[in-house]
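Novice: Sequence plus the predicted model coming up.
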2 protein chains.
Amino acid sequence: MKNKMITSRDEDFAKWYTDIVRAAHLADYSSVKGCIVIEPNGYAIWEKMQEILDKKFKELGHINCQMPFLIPESLLKKEGELVEGFAPEVAWVTEGGEKKLEERLCIRPTSETMFSDYYSTHVKSYRDLPLLYNQWCNVLRWEKETRPFLRSREFLWQEGHTIHATEEEAIKETNQMVEVYRWFHNEILAIPSICGKKTEKEKFAGAEYTLTNEALMYNGVALQAGTSHYFGQKFSKAYDIKFTNQDNQEEYAYQTSWGTATRMIGGLIMVHSDDYGLVLPPRIAPKQVVIIPIGNDEEVINLAKKYKELLNENNITAYIDDSNKSPGFKFAEAEVNGIPLRIEIGKRDLEQGKITFTRRDTREKIQSEIEIDIVSYVRDLLEIIQKDMYEKAKERRDSLTFEAHNLKEMEKILNTQPGFIHAMWCGNKECEEKIKEIKGCKSRCVLENAKPIDDKCVCCGKKAKELVVWGIQY
Amino acid sequence: MKNKMITSRDEDFAKWYTDIVRAAHLADYSSVKGCIVIEPNGYAIWEKMQEILDKKFKELGHINCQMPFLIPESLLKKEGELVEGFAPEVAWVTEGGEKKLEERLCIRPTSETMFSDYYSTHVKSYRDLPLLYNQWCNVLRWEKETRPFLRSREFLWQEGHTIHATEEEAIKETNQMVEVYRWFHNEILAIPSICGKKTEKEKFAGAEYTLTNEALMYNGVALQAGTSHYFGQKFSKAYDIKFTNQDNQEEYAYQTSWGTATRMIGGLIMVHSDDYGLVLPPRIAPKQVVIIPIGNDEEVINLAKKYKELLNENNITAYIDDSNKSPGFKFAEAEVNGIPLRIEIGKRDLEQGKITFTRRDTREKIQSEIEIDIVSYVRDLLEIIQKDMYEKAKERRDSLTFEAHNLKEMEKILNTQPGFIHAMWCGNKECEEKIKEIKGCKSRCVLENAKPIDDKCVCCGKKAKELVVWGIQY
């Protein structure tokens, strides 16, 4: 039965999205304009994201720390490109302790400034390097248009900031971290993402270059979901981070930064969910299995408890819904909340030696004999769900991936059904700006080493330099 | 050998403290006045604190969420006592996106306001209750005098905010959570804390009453380290949080809040550390065991690796220091960083079938036969260290716990060697204020149901009502 709280996805995608956010209790608007309350169901997804990413970061040698969230204006202004890029969207603290401050303090929109300031007093010799630091924190960007998770003024994220003795090492780190994000999206979130370099226009303010992970939503709109920046010596020169290298000479250090945020929750919704509510891939679902006993029969209840214990002991997160609600209500609730697998146990089924599983992704019911090894059966089924969700998302993305050879073709695609548009580009900013005039379409990333699909620029028709993926973005 | 970077604790306690913070790389001053950088060694302790407390909170049914960190002025002002209490120490955002804001936004000093605002639209029926929410976040209080961890403008903490259908249930929650803090301090941090009720003067702004955990530092100064507040209906009336109770009548809900912060790291240092550096109880130490191979002998290296693996497999955090530094340097580094147990493996010892353990807390060397079960041996030793550290801290606290029967006695104690002072009190604020004139001594907490030590108030000499613990505080 279709959930009445949820607008149809094909009817009004934007309303469908906010309906899902609300119906699954992921987030709510707050009394602070542009800021959301991340409700427990939404926060549990973020905790799971943090757990998995943090483990991976640490395996790769990163350690966590915490920088102040306020940045003195004079310190912020030391790196000009960064300031220019972020100035329009920062907020300022001007009063504290009932007094006007002598210097305005900016609330961090990102923390290159604070890390660089710290490194400038702590990095002295190549022996101190590399420092592979990361922090999990909140940041603030004064956005005009906001949308829960996808774009809100305050959001939660992680920002890695590393500093190295050589260019090679820093470049390796930059590449490694965008690959971590690609792995996370593909393997954990079941979101097929594409990786590539941002154009000069779209790169991070202050970076030498930016690598990005780009995902495509169900409606063909792109989402930037994890970026990794190579700074070279830009910040080390601005903040005077010098070290003595192996040849006993002073040198400016090489830096990177990389981050991903709660907006991935928005991506999860927009790629996988349907008109019945949230759909979560098993590997990121805080609760993977719900067991619903039908009726109060002791044997039924005991089997439910046994299953729950067995599953939990084997690292599958299962819970029993033993509330006073009707089975139908419980089914709908598990469905709207995106629990990947539902197990129903009824007395009659039990007598017939049967048990019913329902997949959230396909809503398919599967009857099985009761004499199964519940742990391996559920584990296998969850893996199948995970893989199928990835394949389905990939099929959708591929079906929304187009080629354009001239502006007319591009316009036609964007006006019919947007998606990822592969098109050649001459490398000139003017062409990028002209393309942006079509519904705000931007370059997503450059596909380096890709086979050219044309020899002319999609916009000006002059000699093409690179194959670029274009698209409308959130 | 005494660490040259560290001032003697008995010579200059304040300087000793900041020396430890710096030498063990726990935190550093930042370019933002009153805010610190929590360095990886310090942040790892906070992560361990979070891990243990979060698990306990969840076992008790709490779930995490995230409220906006900005509070509109008009919303903040709804609960008068809270505003009065926090007004002198809040900071204001007045500009955002290059414009002056219509309404100032306060950076959260605590989040009763935002939780109450949220609850006011989400709590409708007794069936919605209780809501047992918690958040881990940063807060800001514009302190004038700051000290790393103990008192800084920005700090990290958790704040639980729960809402209930009955007074009884909310009171039970308030008591339960101060007991969680007590357990955490005694069992995990090896800090013997005392629990009790705050006086009216010292309770949280807006609370009906506050329960507190009070620890005593090595120098006899008290540290409030974890409080739990019962709000009754104060906030629900101010923010209009009404629900329909079981008798189908409208009623204001009952709330609590409870929190503890990174200042516990300061407490850990001030209770346990010594002139050689940080000393950490094994249960909170991010790294519990360091294995130092002496020389490059293959047998030695292999044994070190085997030990490390065995210990890690059994949930004991061990690492090998195989850097190029000299053994003496490695010993000193492990010592200053507070690694609870050091294992030295040398070729000569190995030939003699011996192995050397060094306890960080007592700095005692223990030689053992090599044919031990390394896992159970280390586990037992860590448990002994944990218990001994608690006992030592308790002895110190008890030796600094005094009784006073009149102001003269109180003054004498505070001028000689401060500590916890047990003294009777008439219940009048005037006496509390008079006592505060002696070196800022405040009531720490009321010991309810305690045996009176006198029948007269320590200050005015009139009839005493309660036994109170007094002390100077951080």
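Specialist: Cool, the structure landed.

Novice: State the distance from the residue of chain A positioned farthest from its centre to A:Asn296.
Specialist: Most distant from the centre of chain A: A:Glu351, at 45.8 Å, with distances by CA atoms, centre = their mean. Distance check for A:Glu351 against A:Asn296: by CB to CB, to the nearest Å, it reads 16 Å. Every residue, glycine included, has its C-beta placed from N, CA and C.

Novice: ok, residues contacting the worst-scoring helix or strand of chain A on mean pLDDT?
Specialist: Ranking every helix and strand in chain A by mean pLDDT, DSSP states H and E puts helix A:80-86 at the bottom, with a mean of 88. Helix A:80-86 has contacts (CB atoms under 8 Å, 6 or more residues apart in numbering or on different chains) with A:76-77, A:109-110, A:112-113, A:141, A:204-206, A:234, A:238.

Novice: Repeat the analysis, applying 10 Å as the threshold.
Specialist: With contact meaning CB atoms under 10 Å, 6 or more residues apart in numbering or on different chains, helix A:80-86 is reached by A:73, A:76-77, A:79, A:90, A:106, A:108-110, A:112-113, A:116, A:141-142, A:203-207, A:231, A:234-235, A:238.

Novice: circling back to that earlier point, quick one: residues contacting the residue farthest from the centre of chain A.
Specialist: Residues in contact with A:Glu351, defined by CB under 10 Å, 6+ apart, are A:297, A:299.

Novice: Give me the phi and psi for it.
Specialist: Phi and psi for A:Glu351, reported as degrees, to the nearest 10, are phi -60, psi -30.

Novice: Let me see the contact set for A:Lys48.
Specialist: The neighbours of A:Lys48, taking CB under 10 Å, 6+ apart as the test, are A:188, A:280, A:283-287, A:317.

Novice: Among these, which one has the most neighbours?
Specialist: The residue in those with the most neighbours, by other CB atoms under 10 Å in any protein chain shown, is A:Leu280 (27 neighbours).

Novice: is it true that A:Tyr377 touches A:Asn314?
Specialist: No. A:Tyr377 is beyond contact range of A:Asn314, at 11.4 Å (criterion: CB atoms under 10 Å).

Novice: In the stretch 151-300 of chain A, what residue comes closest to chain B?
Specialist: In the stretch 151-300 of chain A, no residue comes nearer to chain B than A:Glu154, which is 5.7 Å away by CB to the nearest CB.

Novice: List the contacts of that residue.
Specialist: A:30, A:32, A:34-36, A:38, A:91, A:107, A:138-141, A:143, A:146, A:262, B:66-70.

Novice: Could you list everything it pairs with in the sheet?
Specialist: For A:Glu154, the beta-bridge partners under DSSP bridges are A:Leu140.

Novice: ok, now A:Glu344?
Specialist: If you apply DSSP bridges, the partners that A:Glu344 bridges to are A:Ile292, A:Thr356.

Novice: could you pull out the helices for the stretch 51-200 of chain A?
Specialist: A:73-76, A:80-86, A:112-122, A:167-183 (DSSP state H, counting those that start in this stretch).

Novice: could you dump those to JSON lines with mean neighbour count?
Specialist: Below are the helices of the stretch 51-200 of chain A laid out as JSON lines (neighbours: other CB atoms under 10 Å in any protein chain shown):
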{"stretch": "helix A:73-76", "mean neighbour count": "16"}
{"stretch": "helix A:80-86", "mean neighbour count": "17"}
{"stretch": "helix A:112-122", "mean neighbour count": "23"}
{"stretch": "helix A:167-183", "mean neighbour count": "18"}
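
Novice: I'd like those as JSON lines, with distance to B:Asn337 appended.
Specialist: Below are the helices of the stretch 51-200 of chain A laid out as JSON lines (distance: least, CB to CB, whole Å):
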{"stretch": "helix A:73-76", "distance to B:Asn337": "30"}
{"stretch": "helix A:80-86", "distance to B:Asn337": "34"}
{"stretch": "helix A:112-122", "distance to B:Asn337": "16"}
{"stretch": "helix A:167-183", "distance to B:Asn337": "26"}
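
Novice: Any idea which of these has the lowest pLDDT on average?
Specialist: With a mean of 88, helix A:80-86 has the lowest mean pLDDT of the helices of the stretch 51-200 of chain A.

Novice: what about that helix, distance to the chain center?
Specialist: 24 Å (CA atoms, centre = their mean, to the nearest Å).

Novice: how about it as CSV, C-alpha atoms only?
Specialist: What follows is helix A:80-86 as a C-alpha-only set of coordinates in CSV (Å, rounded to 0.1, in the frame of the first residue of the first chain):
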residue,chain,number,x,y,z
GLY,A,80,43.5,35.1,-0.8
GLU,A,81,41.8,32.5,-3.0
LEU,A,82,40.2,30.7,-0.1
VAL,A,83,38.8,34.0,1.3
GLU,A,84,37.5,35.0,-2.1
GLY,A,85,35.8,31.6,-2.5
PHE,A,86,34.2,31.6,0.9
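
Novice: hang on, the earlier thing: neighbour count winner among A:Tyr377 and A:Asn314?
Specialist: Under the neighbour definition other CB under 10 Å, A:Tyr377 and A:Asn314 were set side by side, and A:Tyr377 has more, 16 against 13.
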